[in-house]
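Undergrad: return atomic coordinates for the entry below.
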Amino acid sequence: MASLIDQGAEPVSVTRQLSTTEKFDAGYLRAFGCAPFTHFEAAQSLEEAGVPFINGTKLHLECHDKLKAQFKIEKSGLLMPASWTFSAVPDNFPMICKPVRGSGGTGVVLVQSRDQAILHQEALGVECMLQQYIKDARCLRVCTGQGQIGRIYAKCPPAGSVVASINQGASRGLLKTHPAAETLSLRALSVFGGGIAGIDILEDAEGKLWLLEINPSFAFDAQDKDLARWIASQIIAMPRTES
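TA: As a prediction, the model looks like this:
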């Protein structure tokens with residue numbers, strides 16, 4: 001489907017073609033933050049045609065805009081690093097500058113001033129935001145599902161980087177358990193009605209947890225058979241709407 005759209009086909013026409021010639025058990029919107037928006041439109045059309053999507057396209061859309069997602073999460077009382085638009089940012093640098101809509105750690109940098117952030121935004125060519133920098137924090141990725149935790153990883157960014165993304169060269173180590181992070185992850189996912197997601201949490205030097213973001217389309221180690229089975233069981237257990 002994505003290849004047809006990338007070649008210039010209209011999402012609606014692709015959807016009609018696939019929905020009449022193919023039968024789907026379920027759909028999965030992969031790397032929404034990096035894909036063209038037309039891919040989302042096609043997925044949304046397939047969902048409207050009766051194809052069940054893992055997490056539903058609504059969850060992807062709600063988490064895609066980091067500022068809007070943060071507003072919704074903070075209303076629930078969960079702690080997140082403070083975020084600002086460029087027009088309202090305090091003079092409290094260094095800060096993290098990142099795209100408002102993105103994934104995989106692309107375009108995430110540490111900046112020392114508002115002017116540096118503006119230059120970074122201009123170089124990327126996309127809208128960016130500024131976020132409180134939690135110094136010396138480790139990043140936890142919690143694979144979270146329907147009231148259950150599948151895996152917890154500690155992600156370490158490469159030397160000289162603040163980006164703890166596997167796509168950007170970060171390493172990861174498996175944690176057996178982290179009760180506080182598990183509880184926070186389940187609460188965070190419940191804000192959006194549940195699903196399956198990779199929840200990113202920062203743990204600072206004092207042990208305080210900061211919810212960073214919710215990733216409805218997250219990468220996982222396909223060689224980890226136990227995790228693959230867990231994800232499959234979560235998908236099977238997800239409620240479906242009969243068309």
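Undergrad: can you pull the domain assignment for the chain?
TA: Domain assignment of the chain by automatic domain parsing yields the ranges 2-53, 83-132, 136-237.
Undergrad: and those domains: which comes nearest Lys66?
TA: Between Lys66 and the domains of the chain, the tightest spacing by Cβ to Cβ is seen for domain 83-132, at 5.5 Å. C-betas here are computed from N, CA, C, even on glycine.
Undergrad: end to end on that closest one, go ahead and measure it.
TA: Domain 83-132 stretches 6 Å from its first residue to its last (Cα to Cα, to the nearest Å).
Undergrad: before we move on, what about stretch 144-160?
TA: 29 Å.
Undergrad: my guess is Ile118 contacts Val89, does it?
TA: No. Counting by Cβ atoms under 8 Å, Ile118 stays clear of Val89, with 10.3 Å between them.
Undergrad: these two: who's more crowded?
TA: A count of neighbours by other Cβ atoms under 10 Å puts Val89 above the other of Ile118 and Val89, at 19 against 14.
Undergrad: name all residues that make contact with the more buried one.
TA: Counting by Cβ atoms under 8 Å, 6 or more residues apart in numbering, Val89 touches 95, 114, 117, 130.
Undergrad: residue ranges of the helices in this structure, please?
TA: Along the chain, counting by DSSP state H, helices occupy 2-6, 11-21, 37-48, 56-64, 66-75, 114-124, 179-191, 225-237.
Undergrad: need those helices in CSV (columns: distance to Asp204 and mean pLDDT).
TA: Output for those, formatted as CSV (distance: least, Cβ to Cβ, whole Å; pLDDT from 0 to 100):
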stretch, distance to Asp204, mean pLDDT
helix 2-6, 39, 44
helix 11-21, 43, 52
helix 37-48, 34, 76
helix 56-64, 23, 87
helix 66-75, 18, 95
helix 114-124, 22, 97
helix 179-191, 12, 97
helix 225-237, 27, 85
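Undergrad: distance to Gly198 for those - can I get that in a markdown table?
TA: What follows is the helices of the chain, written out as a markdown table (distance: least, Cβ to Cβ, whole Å):
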| stretch | distance to Gly198 |
| --- | --- |
| helix 2-6 | 21 |
| helix 11-21 | 26 |
| helix 37-48 | 19 |
| helix 56-64 | 11 |
| helix 66-75 | 14 |
| helix 114-124 | 23 |
| helix 179-191 | 9 |
| helix 225-237 | 11 |
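Undergrad: out of those, flag the one nearest Lys155.
TA: helix 179-191 (12.4 Å).
Undergrad: return the set of buried residues in the closest one.
TA: 181-182, 184-189, 191 (16 or more other Cβ atoms under 10 Å).
Undergrad: what of stretch 159-175?
TA: For stretch 159-175, using 16+ other Cβ under 10 Å, the buried residues are 161-166, 170, 172.
Undergrad: no further queries at this time; thank you.
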